[in-house]
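Student: return a 3D structure for these sequence lines:
(2 chains)
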Amino acid sequence: MIFVSSAAIFAPWVAPYSYETQDTLNTLAAPGFDHWMGTDRLGRDLFSRLIYGARVSLFIGVATTLLALLIGTIYGAVSGYAGGGADRVMMRFVDVVFALPDMLMIILITVMMGRGVMGMFIALTLVSWVTVARLVRGEVLRIKEYTYVEAAHALGAGDLRILLREILPNILGLMIVTLTFRIPVAILAESTLSFIGLGIAPPFSSWGTLANEGWKAIKFYPHLILFPSVAIFLTILSFNFLGEGLRDHLDPKSRTRFG
Amino acid sequence: MLRYFFKRVLHGIPVLIVVATLTFTIMRLVPGGPFDEEKKLPPEILANIQAKYHLDQPVITQYLLYLKQLAQGDMGPSYKYIGRDVADIISDTFPVSITLGLLAMLVVVGVGVPAGMWSAYRQNSMVDRVCVFFAMLGVSIPSFVLGTVLVWLMSHKLHWFPPALWEGPRHMTLPALALGAPFTGYIARLTRSAVLEVLASDYIRTARAKGLSESVVLLKHALKNSIYPIVSVIGPLTAGLVTGSFVIEFIFSIPGMGSFFITAVTNRDYPLIMGVTLVYAVLIVLANIMVDIIYMWLDPRVQV
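Tutor: So this is what the prediction gives:
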């Protein structure tokens, strides 16, 4: 994962070719010495395109999850902390958004926003913050009953202070774990949509877009789809492993649990 | 029970109206209409078409008209498949998609639950490690990656299965596997953790102490009590299978709702998009109701 992220960040220096350089004598070349992963229909170096694609895929995965985490945490914390009628109304709204089929909504929103990186970013954020909001609310509901929160109240601390200083540090672990588990979900959603041609549109290309291009030629040039697919798979796998490790580490209670 | 069912269905209706309204709004906000062709249509023809589909009227009127027709089960005509109603297209494609979904569900439950139980029963053994490893792979592999790998290996290289279309059991094998695998991993992990927890409890020890055979302990005592977390994910599972089916139908050129949805989105065929979205939403709402009812049936303590 560190490898993929650093490749994405330093793409212009790592990539042997530019993502649009065409080697017109060498179109659809199999993986070889000049081009580690071969070239595509226009003679573009697949390895370089993969590295640039990592930027788009990872940016979407990380950025949407961070924003969703921010919105979801604020919303969930306020809802859980306020309790009563406000909580009911706020959660009713979350329930409705939650009941909407995610993938359909993402598709519809990207159609509306345009099929760029920005549209995908907004669409994914809009559907994924509710999951975070629910989790955080549950935790806040539990924590606010603790005596030390009560003690803080008794000492005259304001609501905002209690939320930030007493409750937030206690849900930090949960937030970090949620972050690592939601990133692969976002990467998966983006790559899936790009693969069926409803996600990121040219000139940008994510791993999903590359896989889509490779799919058209799978019978004769399987390397075009193999490498992007493997990249997506390994990235998701490593995020999942990281999440699991973090969860076991940060939450001793769940050490024996699995799902 | 019946009253509860109707109450839940009534609760589902607002969600569906929200879905209908959202889709409608989003569709009308999209720049460009369904009849913006490369070649400009003569204005009088365009006006004619728009009048036919009520596109010349204010958006509010269109919306109310749509809801009214919807209440009567009429989803309007398709804009691109001339002469065909959306309801008509959906009734053609729905059986295909639902078959695919049920087959995948069969894979998920038929493989995931036994694997999870076996794994928990032999915790930390070789079997357990293999199961846990494959479950992790399953959870992490996107179904389109698995689908394309299967097509390449099983169809193009080995010629065991056809790479596309939907004509018989042989055509259904690969799609059902590709759609089911990620969720199988998920269910296996869930089952494993649930069974592990139950196996550590006192009444299992009692059952063993009574001299009951291991299979009775495992199947009758342990499974019965670890089934709840598994049942509770059926709702999200259905949603996952529904959305996963787009990709699978795309890969295997299966003439189901997903394929039509993808083309409808690129064609801006509003009524078709809205129709398919609504059908999916109904499916998910129904699945959630079903889960609650199964829950009540399994555990009488759960009160309405």
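
Student: please report how far the residue nearest the centre of chain B lies from chain A.
Tutor: The centroid of chain B falls nearest to residue B:242 when counting by CA atoms, centre = their mean (2.0 Å). As for residue B:242, its distance to chain A is 7 Å (criterion: CB to the nearest CB, to the nearest Å). Backbone N, C-alpha and C define where each C-beta goes, glycine included.

Student: and residue B:294, by the same measure?
Tutor: Between residue B:294 and chain A the computed distance is 19 Å (CB to the nearest CB).

Student: that residue touches residue B:232, doesn't it?
Tutor: No - using CB atoms under 8 Å as the test, residue B:294 is too far from residue B:232 to be in contact (9.4 Å).

Student: buried stuff in the biggest helix by length in chain B?
Tutor: Counting residues, the longest helix found in chain B (DSSP state H) is helix B:86-121. Using 16 or more other CB atoms under 10 Å in any protein chain shown as the test for burial, helix B:86-121 gives B:86-87, B:89-90, B:93, B:96-97, B:99-101, B:103-105, B:107-109, B:111-113, B:115-121.

Student: quick check: pLDDT value at residue A:156.
Tutor: On pLDDT, residue A:156 comes in at 73.

Student: so the closest residue to residue A:182 other than its chain neighbours: helix, strand or coil?
Tutor: Closest residue in space to residue A:182, ignoring its immediate chain neighbours: residue A:65 at 4.5 Å, by CB to CB, 6 or more residues apart in numbering or on different chains. Secondary structure state of residue A:65, per DSSP: H, G, I helix; E, B strand; the rest coil, is helix.

Student: for residue A:65, give me its contacts.
Tutor: Taking CB atoms under 8 Å, 6 or more residues apart in numbering or on different chains, we find residue A:65 in contact with A:128, A:179, A:182, A:183, A:186.

Student: number of residues surrounding the third one?
Tutor: Counted with other CB atoms under 10 Å in any protein chain shown, residues neighbouring residue A:182 total 25.

Student: quick one, what contacts it?
Tutor: Contacts of residue A:182 (CB under 8 Å, 6+ apart): A:65, A:68, A:69, A:128, A:131, A:132.

Student: now, among these, which is nearest to residue B:160?
Tutor: residue A:128 (38.5 Å; CB to CB).

Student: residue numbers of the stretch 151-300 of chain B in contact with chain A?
Tutor: B:151-152, B:156, B:186, B:189-190, B:192-194, B:196-197, B:229, B:239, B:242-243, B:246-247, B:250-251, B:262, B:265-266, B:273, B:277, B:280-281, B:284-285, B:288 (CB under 8 Å from any CB of the partner chain).

Student: list only buried entries from the residues you listed.
Tutor: B:151-152, B:186, B:189-190, B:192-194, B:196-197, B:239, B:242-243, B:246-247, B:250-251, B:262, B:265, B:273, B:277, B:280-281, B:284-285, B:288.

Student: what about residue 238, how many neighbours?
Tutor: No chain was given, so I picked chain A. 17.

Student: switch to chain B, please.
Tutor: For residue B:238, using other CB under 10 Å, the count is 22.

Student: tell me the pLDDT of it.
Tutor: According to the prediction, residue B:238 has pLDDT 80.

Student: other SSEs contacting the host helix or strand of it?
Tutor: Here residue B:238 sits within helix B:234-251, counting by DSSP states H and E. Under the contact definition 3 or more CB pairs under 8 Å, 6 or more residues apart in numbering or on different chains; DSSP states H and E, helix B:234-251 sits against helix A:102-113, helix A:168-195, helix B:86-121, helix B:143-150, helix B:169-199, helix B:257-267, helix B:270-298.

Student: can you do 6 Å?
Tutor: On a contact count with 3 or more CB pairs under 6 Å, 6 or more residues apart in numbering or on different chains; DSSP states H and E, helix B:234-251 meets helix B:86-121, helix B:143-150, helix B:169-199, helix B:257-267, helix B:270-298.

Student: please identify which of those is closest to residue A:78.
Tutor: When the helices and strands packed on helix B:234-251 are compared by CB to CB, helix B:270-298 sits nearest residue A:78, at 26.5 Å.

Student: mean confidence score for that closest one?
Tutor: Here the average pLDDT along helix B:270-298 is 80.

Student: repeat for stretch B:105-124
Tutor: Across stretch B:105-124, the per-residue pLDDT values average to 83.

Student: where's it relative to the chain centroid, distance-wise?
Tutor: 21 Å (CA atoms, centre = their mean, to the nearest Å).

Student: then it to CSV, C-alphas only?
Tutor: The C-alpha coordinates for stretch B:105-124 follow below in CSV (Å, rounded to 0.1, in the frame of the first residue of the first chain):
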residue,chain,number,x,y,z
MET,B,105,-27.7,-16.0,-3.3
LEU,B,106,-27.6,-19.8,-3.4
VAL,B,107,-23.8,-19.7,-3.9
VAL,B,108,-23.5,-17.2,-1.0
VAL,B,109,-25.5,-19.2,1.5
GLY,B,110,-24.7,-22.6,0.2
VAL,B,111,-20.9,-22.1,0.4
GLY,B,112,-20.5,-19.3,2.9
VAL,B,113,-22.4,-20.6,5.8
PRO,B,114,-21.0,-24.2,5.8
ALA,B,115,-17.5,-22.8,5.2
GLY,B,116,-17.8,-20.4,8.1
MET,B,117,-19.2,-23.1,10.4
TRP,B,118,-16.5,-25.6,9.5
SER,B,119,-13.9,-23.0,10.0
ALA,B,120,-15.1,-22.0,13.4
TYR,B,121,-15.5,-25.6,14.5
ARG,B,122,-11.8,-26.3,13.7
GLN,B,123,-10.6,-23.0,14.9
ASN,B,124,-6.9,-22.3,14.2
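
Student: does any bit of it sit next to chain A?
Tutor: No - judged by CB under 6 Å from any CB of the partner chain, stretch B:105-124 makes no contact with chain A; its nearest approach is 9.0 Å.

Student: low-confidence ranges in the stretch 101-250 of chain A?
Tutor: Within the stretch 101-250 of chain A, the ranges that satisfy pLDDT under 70 run A:115, A:202-203, A:217-222.

Student: near chain B, which residues of it?
Tutor: Checking the stretch 101-250 of chain A against chain B by CB under 6 Å from any CB, the hits are A:101, A:103-104, A:108, A:111-112, A:188, A:192, A:195-196, A:218-219, A:222, A:225, A:229, A:233, A:236-237, A:240.

Student: give the buried residues for whichever strand or helix holds residue A:58.
Tutor: For residue A:58, the enclosing helix or strand under DSSP H and E is helix A:46-82. Of the residues in helix A:46-82, A:46-65, A:67-69, A:71-73, A:75-81 count as buried by neighbour count, 16+ other CB under 10 Å.

Student: over to stretch A:131-140?
Tutor: Residues of stretch A:131-140 classed as buried: A:131, A:132, A:133, A:134, A:135, A:136, A:137, A:139, A:140 (neighbour count, 16+ other CB under 10 Å).

Student: of the residues you listed, closest to chain B?
Tutor: Distance to chain B across these (CB to the nearest CB) is lowest for residue A:131, with 10.5 Å.

Student: so in chain B, where's the weakest helix or strand by average pLDDT?
Tutor: Here the helix or strand of chain B ranked lowest by mean pLDDT, DSSP states H and E is helix B:43-52, holding a mean of 70.

Student: which residues sit against the helix or strand following the helix holding residue A:58?
Tutor: Of the helices and strands lying after helix A:46-82 in sequence (DSSP H and E), the nearest is helix A:84-99. Helix A:84-99 is contacted from outside by A:79, A:130, A:133, B:15, B:18, using CB atoms under 6 Å, 6 or more residues apart in numbering or on different chains.

Student: which ones among those lie within strands?
Tutor: Assigned to strands by DSSP state E, none of the contacts of helix A:84-99 qualify.

Student: could you dump those residues to JSON lines with distance to residue A:207?
Tutor: Converted to JSON lines, those look like this (distance: CB to CB, whole Å):
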{"residue": "A:79", "distance to residue A:207": "36"}
{"residue": "A:130", "distance to residue A:207": "26"}
{"residue": "A:133", "distance to residue A:207": "29"}
{"residue": "B:15", "distance to residue A:207": "34"}
{"residue": "B:18", "distance to residue A:207": "33"}
